[in-house]
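Asker: turn this into a model:
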Amino acid sequence: NALGSITIRECLFAGNSATVKGGGIYSQDSLLITGCTFYDNSAVNGAAIFLRYSSTSVMDHCLVAYSPEGRGVDIGSTTTSCMVRCSDIFGNPDGDYWGALADFFGIDGNISANPLFCDTALADFSLATNSPCATVNSE
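Answerer: Below you'll find the model as predicted:
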């Protein structure tokens with residue numbers, strides 16, 4: 001796969017797993033991930049997203065929550081960069097905003113708080129009205 005630019009918009013990644021890297025997404029491409037929800041994805045490195053090599057990616061208005069193992073988002077190379085804005089990374093046992101992502105916590109609308117999904121058992125990933133991620137609560 002040649003390096004390129006990919007847009008992933010308003011997608012749900014739930015219950016995916018990988019043995020080592022990238023339970024939801026494993027990519028070496030430049031990505032724009034916007035309006036996506038990652039829930040219950042699993043991998044030792046990058047439970048939801050693993051970025052590799054010389055990709056430059058943006059994660060905007062995304063939720064990365066409740067991975068049973070691994071870090072929520074993992075950047076696997078010093079030549080990889082990622083910008084995060086208006087996102088919530090929460091409840092990932094090996095790290096939420098860590099490493100190169102640590103600088104994004106608390107700025108540009110980035111939070112680490114329970115997103116308060118309505119009913120994940122019934123695959124309802126809409127947000128409760130009192131969610132810290134709901135537009136009315138984040139303004």
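Asker: need the three-state assignment for residue 100.
Answerer: helix (DSSP: H, G, I helix; E, B strand; the rest coil).
Asker: thinking it is in contact with residue 84, fair?
Answerer: No. Judged on C-beta atoms under 8 Å, residue 100 makes no contact with residue 84 at a distance of 9.9 Å. (Each C-beta comes from the backbone N, C-alpha and C, glycine too.)
Asker: of those two, who's got more company?
Answerer: A side-by-side neighbour count of residue 100 and residue 84, using other C-beta atoms under 10 Å, places residue 84 first with 24 against 17.
Asker: from residue 40, how far out is the nearest residue to the more buried one once chain neighbours are set aside?
Answerer: Excluding its sequence neighbours, the residue lying closest to residue 84 (C-beta to C-beta, 6 or more residues apart in numbering) is residue 104, at 4.2 Å. From residue 104 across to residue 40, the span is 23 Å (C-beta to C-beta, to the nearest Å).
Asker: then residue 8?
Answerer: On the measure of C-beta to C-beta, residue 8 and residue 40 end up 18 Å apart.
Asker: who does residue 60 bridge with?
Answerer: Under the criterion DSSP bridges, residue 60 forms beta bridges with residue 34, residue 85.
Asker: how many neighbours does it have?
Answerer: Other residues within reach of residue 60, judged by other C-beta under 10 Å, total 17.
Asker: quick check, it in contact with residue 34.
Answerer: Yes. Counting by C-beta under 8 Å, residue 34 is a contact partner of residue 60 at 4.5 Å.
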